[in-house]
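Trainee: model this:
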Amino acid sequence: TATYTIQSGDTEGVLAFAIDFTDLFGNAGTQVNATTDATSVTFDETPPTLTAVTIASNNSNTAFAKVGDEITLSITADEVLSSPPTVTIDGNAATVTGAGPYTATYTMQAGDTEGALAFAIDFSDAASNAGTQVTATTDASTVTFDETPPTLTSVSIASNNTDTTKAKVGDEITLSITADENLSSAPTVTIDGNAATVTGTGPYSATYTMQAGDTEGTLAFAIDFSDEASNAGTQVTATTDASAVVFDETLPTLTTVSIVSNNADTAKAKVGDEITLSITADETLIGSPVVTILGNAAVVAGTGPYTATYTIQAADTDGIVPFTVDFSDATGNAGVQVTATTDSTQVDFDKTPPTLTAVTIASDNADTTLAKPGDEVTLLFSADETLNGLPVVTVDGKAASVTGTGPYSATYTMQAGDTEGVISF
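Mentor: Numbers count the residues shown, from 1 in each chain. A predicted model of the protein is given here:
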């Protein structure tokens, strides 16, 4: 038996040996440097290395992992190892398969360490030289473990209506969305149950144009989203700043419209009389209604109910006084123009002075063209239109007694001392 303890620096490879020997008679045998049974020993003092180490997740994004995702380390050594390497991922023993290259797998559990996953690979070559523990990939690949669902830190809603808290048909609704981390893709958003158009890469903007038939009232929305590790956030259905938009597609109406004049007869008007429209709407209006009377702009007062006034001018047209009322609700829905009262009131404008179409005078004297004291003088006359009360008549400057509703009769009994001559009236 010949023994030798291998030293550092000895020649690596199949070990060479030489055996020299002599028999008892001094005959030298032929030097032997090969075994008779083909056995050999290979000397190796070089530790093994890993030439390729990569890490990936079976997540849709292989650089991220959530609970339940499988992590795979792919390992290639520069030489045959004595056995599969020993691998931990986040401190947990991985399952190693293969005879070179190797794969080490681990399924992520709740409570594992969030962040870039740490790993360690221990290995030895066939000569039992231990390689230096490997804790980094050779291609800079990494997997980040994330078990925390994302949240939305800011959600607000607004309309492009003049009043951003209101919307009518055709107005665009915008949800502004900010998440606390990167999302795997743009969130999925519905507004009033309708798919919104989402833009941006964070923050995001989701828009929808209101349609006829959409639900009136405070607009509902829903936001679904997931982070880069595919952790689903809790669906969001409320804003973070209490903002809201109310949708209104119902046109406003005027529940009460009446018209009067400040004439003694409120259904009639002359030049200089003031016309007043009294207006009540079924909801709050955006500003005062726009009113014309006789084609002229009226002065509108009040915040609901409203009054619209106009003073009649000489140039205005005779007849039933026309008017228009244009109005919109607080959302901007325009009501149908109103041109009639709700109570059948109307005002008749008359700027033409009345005339008397027939006027005669006579006395009850035997000669009706003459009169003496005690005789009764009678004026008979008709007007071209209905008069406002009885006309006022004087005969020779004295009040006459007037009767009738048209034609009219005015009488006066002549007195001593009345003016002689053709009687004036």
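
Trainee: use CA for all of it now, contacts and neighbours both
Mentor: Noted.

Trainee: quick one: contacts for the residue most central in space within the chain?
Mentor: Nearest to the geometric centre of the chain sits Ile173, at 2.6 Å (Cα atoms, centre = their mean). If you count contacts by Cα atoms under 8 Å, 6 or more residues apart in numbering, Ile173 has them with 157-160, 167, 207-210.

Trainee: most surrounded residue in those?
Mentor: Among those, the one with the most neighbours (other Cα atoms under 10 Å) is Ala167, at 30 neighbours.

Trainee: What sits closest to it if chain neighbours are left out?
Mentor: Spatially, and ignoring its direct neighbours in sequence, Ala167 is nearest to Phe247 (4.7 Å; Cα to Cα, 6 or more residues apart in numbering).

Trainee: Could you dump the contacts of Ile173 into a markdown table and include secondary structure?
Mentor: Listed next are those as a markdown table, based on DSSP: H, G, I helix; E, B strand; the rest coil:
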| residue | secondary structure |
| --- | --- |
| Ile157 | strand |
| Ala158 | strand |
| Ser159 | strand |
| Asn160 | coil |
| Ala167 | strand |
| Thr207 | strand |
| Tyr208 | strand |
| Thr209 | strand |
| Met210 | coil |
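
Trainee: what about the residue nearest to Gln415 when sequence neighbours are not counted, how many neighbours?
Mentor: The spatial neighbour of Gln415 that comes closest, neighbours along the chain excluded (Cα to Cα, 6+ apart), is Pro373 at 4.8 Å. For Pro373, the neighbour count with other Cα under 10 Å is 11.

Trainee: I'd say Pro373 and Ala416 touch.
Mentor: Yes. Counting by Cα atoms under 8 Å, Pro373 touches Ala416, with 5.4 Å between them.

Trainee: Now do the contacts for the residue nearest to Gln415.
Mentor: Pro373 neighbours (Cα under 8 Å, 6+ apart): 413-416.

Trainee: Then Val155?
Mentor: Val155 neighbours (Cα under 8 Å, 6+ apart): 175-178, 238-241.

Trainee: Select only the buried ones of those residues in ChimeraX?
Mentor: Here is the ChimeraX command that selects the buried residues among the contacts of Val155 (16 or more other Cα atoms under 10 Å):
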select :175,176,177,178,238,239
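
Trainee: Of the contacts of Val155, which pair is most distant in space?
Mentor: Thr178 and Ala238 (13.3 Å; Cα to Cα).

Trainee: Rebuild the contacts of Ile173 as TSV, extending it with distance to Ala93 and pLDDT.
Mentor: Formatted as TSV, the contacts of Ile173 follow (distance: Cα to Cα, whole Å; pLDDT from 0 to 100):
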residue	distance to Ala93	pLDDT
Ile157	49	98
Ala158	52	98
Ser159	55	98
Asn160	57	98
Ala167	59	98
Thr207	49	98
Tyr208	51	98
Thr209	55	98
Met210	56	98
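
Trainee: Buried only: go through the contacts of Pro373 for me.
Mentor: For the contacts of Pro373, buried by 16+ other Cα under 10 Å: 413-414.

Trainee: Could you tell me which of the contacts of Pro373 are located in strands?
Mentor: Thr413 (DSSP state E).

Trainee: Tell me the one of the contacts of Pro373 nearest Leu152?
Mentor: For the contacts of Pro373, the nearest to Leu152 is Thr413 (102.3 Å; Cα to Cα).

Trainee: excluding its backbone neighbours, what's nearest the closest one?
Mentor: Here the residue nearest Thr413, using Cα to Cα, 6+ apart, is Glu376, at 4.2 Å.

Trainee: Check Leu81 too.
Mentor: Leu81 sits nearest to Asp125 (Cα to Cα, 6+ apart), 3.9 Å away.

Trainee: What residues does the one you found make contact with?
Mentor: 47-48, 79-83, 131.

Trainee: Greatest separation within those residues: which pair is it?
Mentor: Across the contacts of Asp125 (Cα to Cα), the longest gap, 14.3 Å, separates Pro47 and Ser83.

Trainee: Who has more neighbours out of those two?
Mentor: Pro47 (17 against 14).

Trainee: What spatial separation is found between that one and Leu81?
Mentor: Distance, Pro47 to Leu81, by Cα to Cα, to the nearest Å: 10 Å.

Trainee: okay, and the common contacts of these two?
Mentor: In contact with both Pro47 and Leu81: 124-125, using Cα under 8 Å, 6+ apart.

Trainee: what bridges to Ala334?
Mentor: Assessed by DSSP bridges, Ala334 has beta-bridge partners Ser328.

Trainee: I'd like to know how many residues surround it.
Mentor: Residues near Ala334, counting by other Cα under 10 Å: 18.

Trainee: next one: Ser40
Mentor: Other residues close to Ser40 by other Cα under 10 Å number 11.

Trainee: Please give me every residue in contact with the closest residue in space to it that isn't next to it in sequence.
Mentor: Counting by Cα to Cα, 6+ apart, Val14 is the residue found nearest to Ser40 once chain neighbours are left out, at 6.7 Å. Residues in contact with Val14 (Cα under 8 Å, 6+ apart) are 40-43.

Trainee: Which one of the residues you listed sits in the busiest neighbourhood?
Mentor: Phe43 (16 neighbours).

Trainee: For it, list the residues it contacts.
Mentor: Per Cα under 8 Å, 6+ apart, neighbours of Phe43: 11-15, 127.

Trainee: Restricted to helices, list those.
Mentor: Among the contacts of Phe43, DSSP state H puts none in helices.
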